[in-house]
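Chemist: okay, here's the prediction I keep looking at, along with the sequence it came from:
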Amino acid sequence: MRSWLRMLVLTVAAAGVILAPSGVAGAHTSLSTTDPGPAAVVTVAPQQVTLTFAATLLPDDAALTVTGPDGVQYQTATVVSGRQVSTALRGLGPAGVYTVTYAVRSDDGHLLRDGYGFLYAPVA
């Protein structure tokens, strides 16, 4: 991978493009895994974004958005299945940082809102 891409990812993370938690107290679930992951560099546009949490999620209280560097949202419908929330993507737009934001409610009723970024750097 080009060194400037790696440096860009590190700069993005350090500059706070990866969103800070909303400060919702008492959230009893946590994010376990993501695909693509925080600060990941992807060279091929992913077909979907999937987040897995430590607790079962309530399907009616979930939102997942994927916003490109152009300000356009690329997600389709949010789907919840057990501990996972996902969305298919309508392709991706320009190269750059894509922001994934989510709001989920675990089966104990607590809301968790957060987000992160990944870098889309298609191979020329």
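Modeler: Ah, there it is.
Chemist: now the strands: where do they sit in the chain?
Modeler: Using DSSP state E, the strands assigned to the chain run over residues 31-35, 41-42, 48-53, 63-67, 75-81, 84-89, 96-105, 111-120.
Chemist: got a markdown table for the ones you listed, with mean pLDDT and mean neighbour count too?
Modeler: Every residue, glycine included, has its C-beta placed from N, CA and C. Below are these laid out as a markdown table (pLDDT from 0 to 100; neighbours: other Cβ atoms under 10 Å):
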| stretch | mean pLDDT | mean neighbour count |
| --- | --- | --- |
| strand 31-35 | 97 | 14 |
| strand 41-42 | 98 | 16 |
| strand 48-53 | 98 | 19 |
| strand 63-67 | 98 | 19 |
| strand 75-81 | 97 | 15 |
| strand 84-89 | 98 | 19 |
| strand 96-105 | 98 | 21 |
| strand 111-120 | 97 | 20 |
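Chemist: now do the residue positioned nearest the centre of the chain against Thr52, distance only.
Modeler: Central residue of the chain (Cα atoms, centre = their mean): Val100, 3.0 Å from the mean position. To Thr52, Val100 is 13 Å away according to Cβ to Cβ, to the nearest Å.
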